[in-house]
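# sequence plus predicted model, see below.
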Amino acid sequence: MKRAFERFMGRLLAGRHAGDENLLARAPGLAEVAATIELTSPAFGAGAPIPTRYTQEGDDRFPPLTWRGVPAAAQELVIVVEDPDAPLPRPVVHAIIHGLSARAEGLDEAEVNAPGFAGFGRNSLGARNYRGPRPILGHGPHRYVFQKRRCVRRCRAAASWRAVNSSVRTSAAEPICA
C-alpha cells in the first residue's frame, strides 16, 4: 500500500523539478568563475547511473572521487551533491563535504564512509552524512550533480547547504568558495 501511494505521488509530481538553475554551481558569481577543477569517480562515469552500492537501495555509501586542476590559491575544497530533478523548489542536497585539503587529489571511499568522518555538513534532511539516491517511485529518472568548490580561505560556514550557498554568493568578484 505504501509503495502504491508513493508511486501515485511520483506520477502526480512527474512534471515538477527543482531545476538546474537552482544548483549551487549556477549561483550568481559562480557562473563567471572558470570551472578549472575536473571531478570524476572511478566507480561510475559522467552521466552514467550511480551503482546500487552508492544508493539507498544498496549500501548507501559515498562514492570515491578524484579531482585535478585545483587552483594554487585554494585553501580548502568543498563537495556538494544535489538532485535537481527532485519535485521541490530547490534541489535535494544529498551531501556536503567540507574541510578537504586543496592539495589532496581525491577522496577515498573507505575514508569518507568511516565511522566518525568529520567532514560532513548538513544535507537536506538535516543530517551530517550522505544519503544516496532514491527518487520517488514513479517520478522518473533523476540526475545527481557532484560539484566541487575551491575556497580561498577556510569555509567554516560549510556546515550546511544554506551556509555554503551564502558564502558562494557573498561576493561575485572574489567569492570565498568558487
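Done, it's in.

# using PDB, list the CA coordinates for the longest strand belonging to the chain.
Identified as the longest strand of the chain according to DSSP state E is strand 92-101. C-alpha atoms of strand 92-101 as PDB (Å, rounded to 0.1, in the frame of the first residue of the first chain):
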ATOM      1  CA  VAL A  92      17.800  17.900  -2.700                       C
ATOM      2  CA  VAL A  93      21.200  18.100  -1.100                       C
ATOM      3  CA  HIS A  94      22.500  14.500  -0.600                       C
ATOM      4  CA  ALA A  95      25.800  15.600   0.900                       C
ATOM      5  CA  ILE A  96      28.100  18.400   1.700                       C
ATOM      6  CA  ILE A  97      31.700  17.500   2.500                       C
ATOM      7  CA  HIS A  98      34.000  20.400   3.700                       C
ATOM      8  CA  GLY A  99      37.400  20.800   5.100                       C
ATOM      9  CA  LEU A 100      39.100  18.900   2.300                       C
ATOM     10  CA  SER A 101      42.700  19.700   1.700                       C
END
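
# just checking, next helix/strand downstream of that strand?
Remark: after strand 92-101, the chain's next helix or strand is strand 106-107, criterion DSSP states H and E.

# which residues touch the longest strand of the chain?
Here strand 92-101 makes contact (CB atoms under 8 Å, 6 or more residues apart in numbering) with 18, 62, 76-83, 86, 107, 112, 118-124, 129-133, 144, 155, 158-161, 164. For glycine as for every other residue, the C-beta is placed from the backbone atoms N, C-alpha and C.

# mind doing that once more with 7 Å?
Where contact means CB atoms under 7 Å, 6 or more residues apart in numbering, the residues beyond strand 92-101 that reach it are 62, 76-83, 86, 107, 112, 119-124, 130-132, 144, 155, 158, 160-161, 164.

# what remains of these if I keep only buried residues?
Under a neighbour-count criterion of 16 or more other CB atoms under 10 Å, the subset of these counted as buried comprises 62, 76-83, 86, 107, 112, 119-124, 130-132, 144, 155, 158, 160-161, 164.

# Leu65 touches Asp108, doesn't it?
No. Here Leu65 lies out of contact with Asp108, judged by CB atoms under 7 Å, at a distance of 8.9 Å.

# neighbour-wise, which of the two wins?
Leu65 (22 against 12; other CB atoms under 10 Å).

# isn't Pro64 right next to Pro42, touching?
Yes. In terms of CB under 7 Å, Pro64 counts as a neighbour of Pro42; the distance is 5.7 Å.

# hang on, Arg11 in a strand?
No. Using DSSP: H, G, I helix; E, B strand; the rest coil, the assignment for Arg11 is helix, not a strand.

# distance of the residue lying closest to it once chain neighbours are set aside relative to Met1?
Nearest residue to Arg11, sequence neighbours excluded (CB to CB, 6 or more residues apart in numbering): Gly138, at 4.3 Å. Between Gly138 and Met1 the distance, using CB to CB, to the nearest Å, works out to 15 Å.
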